[in-house]
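Colleague: Quick one: sequence and predicted model below, then my questions.
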Amino acid sequence: MSGAERAELLDLAREAMRSAYAPYSGFRVGAVLEAEDGRRFSGCNVENAASSVTVCAERVALGTAVRAGARRFRRLALCASGARPVSPCGVCRQALSEFGVETRVVSVADGGDVAEWTLEELLPARFGAGDLGWRSVVRDTGEGA
Ligand SMILES: [Zn+2]
């Protein structure tokens, strides 16, 4: 992706971060998931007093995207309020991998440092549809195609 595209996506992630509900940790995260057709879906973390109920920004964006019919994603942009760029947590890596591991993840810290990976680099030995005998649910069933 070009520098301008990356900057635009990270600006949108920073904007999403401003909506975070993080009264307990103060750690705010914004995510923008870009579908193959160019549509973009944003999310922010939503904390809860019962901490296991907390939902990450990435899964908020993923749920919104799936609701809109998107099933393939080319990029995920993250912005977090910490000192260094964050990568998606293990649960989010697994959730995102359901829809393919080619997604590029770019992350910016609030201070400006940037890191970039593919989802496959972040979750190399994932459990997936193949473990259940499927090649890919999205490809094999046409779900959402
Ligand atoms: Zn997560």
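Modeller: Looks like it arrived, so ask away.

Colleague: interface residues of this protein facing the ion?
Modeller: Where the chain comes near the ion, counting by C-beta under 5 Å from the ion, the residues are Cys56, Cys89, Cys92. The way it works is simple: take the backbone N, C-alpha and C, and place the C-beta from them, glycine included.

Colleague: what about the helices in the chain?
Modeller: 3-17, 57-67, 90-97, 119-122, 137-141 (DSSP state H).

Colleague: ok, and which of those helices has the densest surroundings?
Modeller: Among those, the stretch with the highest mean neighbour count (mean count of other C-beta atoms under 10 Å) is helix 57-67, at a mean of 21.

Colleague: then it to PDB, C-alphas only?
Modeller: Provided in PDB are the C-alpha atoms of helix 57-67 (Å, rounded to 0.1, in the frame of the first residue of the first chain):
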ATOM      1  CA  ALA A  57     -11.800  -3.000  18.400                       C
ATOM      2  CA  GLU A  58     -10.800  -5.500  15.700                       C
ATOM      3  CA  ARG A  59     -13.800  -7.800  16.500                       C
ATOM      4  CA  VAL A  60     -16.200  -4.800  16.600                       C
ATOM      5  CA  ALA A  61     -15.000  -3.900  13.100                       C
ATOM      6  CA  LEU A  62     -15.200  -7.500  11.900                       C
ATOM      7  CA  GLY A  63     -18.700  -7.900  13.200                       C
ATOM      8  CA  THR A  64     -19.800  -4.700  11.500                       C
ATOM      9  CA  ALA A  65     -18.100  -5.800   8.200                       C
ATOM     10  CA  VAL A  66     -19.700  -9.300   8.200                       C
ATOM     11  CA  ARG A  67     -23.100  -7.700   9.000                       C
END
